[in-house]
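>>> give me the fold of what follows.
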Amino acid sequence: ATYNIPVDIYLPPPYPIQPPVIFVRPTAGMMIKPNHRHVGSDGKVYMPYLSEWRAPSHTLVEMAVCLSSLFGANPPVFAKPGGGDASSSSSANNGAAGAGAGGRRRDQIASAATSMATTFMQGVFNPHAQQQQQQQQQQNGGGGGSATPPSYDSVTGNTPPHTGNGYGQRDNIGSDDPDIRRATEFSRIEAELAEAKRREEEAEQLREAQRLSEAAELERMERVEKERTGELREKLTTRLQGRLSQFYSGAREIISDDLRQQTRLERGLDDVNAEVEDLKRRKDQLERAHVVMDAATADIGTFLASMEDNVEIPVDDLCRPSCVRSRQMLDLDARNHAITDVLYFLDRALVKGTIPLDVHLKTVRRLAKQQFMARAHLIKIQQTMAHEGGDGKRSAAR
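Alright, predicted model coming up:
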């Protein structure tokens, strides 16, 4: 007899890197066995194959085989009290009736084994369809096998509910027939070969997916590195351009300052050369004037030596005006200097207290008017003589 344990298998997004998540989904007539070693109270399955999951060595097919073996040795569900014994008896009778065909041919037995494996895989990967099938079988009153699990008494007893190949088929059905054993062994070998082939295909698909993922990651890293290199090159170029621009600006300013300094130095050199030429010219002039002065000094010395033996001439006779204006200028100039001397001695007398202040002021006021008139008259005569082309003082000196 066969019975089905409905399960749900969820594949998370990181699959196959992370293992699948499995839940036992009992039907309305089932209950989850309390304190089960591999199934929690919420129906979640815990088994070593999931905790040791490593891709690509672990596959869904091997997981289903391991799950079938664990649940075959220790079923996680049992029928609710009240109808479990009848269902178990019915399943046993149906199994015994099916075991009477021990003389069937090899191909019929292999077909039956393949059908049982297909039924188990449908129960694993499509539990909702299996639940509908079980409900339909319950409504129809039974068929080839029972849709309900063993009763609670058989589950909790010392004798396991079934043992065998892990696909729900009991081993005592035609186990003595050599044809059945050979067919079973042949089906097992075919299933192992198919599983190995599927496992190899899954591993190849995983390797291909990893290769594509690595290629995409490498391409992405190259693209990121290229973008980063471009950004760094652009930043470096901008920074170098800024530094070079600052350097060129500073160099231009230095060169401009040097050119201006050179221009100033050239102008200064020209000025120094001109000054040197002027000093040379003045030196020549001074040397010539020195010679003239030496000659004039010698003449004056000779003149003074010749005049020592002569009679002294009166002061008034030393200077004789040549005309009337020259005489007027001589008189006015003498009066001007005389008034200046008088004013000086008046100031000294005031300081010493010889004369009172009021007398000093009256005398200074009177003398200042006379000096002003003499100076004005002198200036007027000089302008007249300059206009006429004569120099009064020079004529008077002659």
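
>>> mind showing which ranges of this protein have poor pLDDT?
For the chain, applying pLDDT under 70 flags the ranges 1-3, 82-184, 186-187, 309-318, 390-398.

>>> just the strands in it please.
Here the chain has its strands, by DSSP state E, at 7-10, 21-24, 30-32, 77-79.

>>> got a markdown table for those, with mean neighbour count too?
Using the backbone N, CA and C atoms, a C-beta is placed for each residue, glycine as well. Formatted as a markdown table, the strands of the chain follow (neighbours: other CB atoms under 10 Å):
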| stretch | mean neighbour count |
| --- | --- |
| strand 7-10 | 16 |
| strand 21-24 | 19 |
| strand 30-32 | 18 |
| strand 77-79 | 25 |
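
>>> okay if I get those as TSV plus distance to residue 358?
Shown next, in TSV, are those (distance: least, CB to CB, whole Å):
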stretch	distance to residue 358
strand 7-10	138
strand 21-24	137
strand 30-32	148
strand 77-79	153
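
>>> which one of those strands lies nearest to residue 53?
Nearest to residue 53 among the strands of the chain is strand 21-24 (11.1 Å), distances taken as CB to CB.

>>> okay but residue 33 is in contact with residue 43, surely?
No. Here residue 33 lies out of contact with residue 43, judged by CB atoms under 8 Å, at a distance of 10.9 Å.

>>> residues shared between the contacts of these two?
Taking CB atoms under 8 Å, 6 or more residues apart in numbering as the criterion, residue 33 and residue 43 do not both touch any residue.

>>> neighbours of residue 45, how many?
23 (other CB atoms under 10 Å).

>>> any idea how far it is from residue 74?
12 Å (CB to CB, to the nearest Å).

>>> joint contacts of those two?
Common contacts of residue 45 and residue 74, defined by CB under 8 Å, 6+ apart, comprise residue 38.

>>> ok, residue 363 touching residue 346?
Yes. Assessed by CB under 8 Å, residue 363 is found in contact with residue 346 at 6.0 Å.

>>> can you list residues touching both of the two?
By CB under 8 Å, 6+ apart, residue 363 and residue 346 have these common neighbours: residue 355.

>>> contacts only, for residue 58.
Shown in contact with residue 58 (CB under 8 Å, 6+ apart): 16, 19, 49, 52.

>>> let's see that with 7 Å instead.
By CB atoms under 7 Å, 6 or more residues apart in numbering, the contact list for residue 58 reads residue 49.
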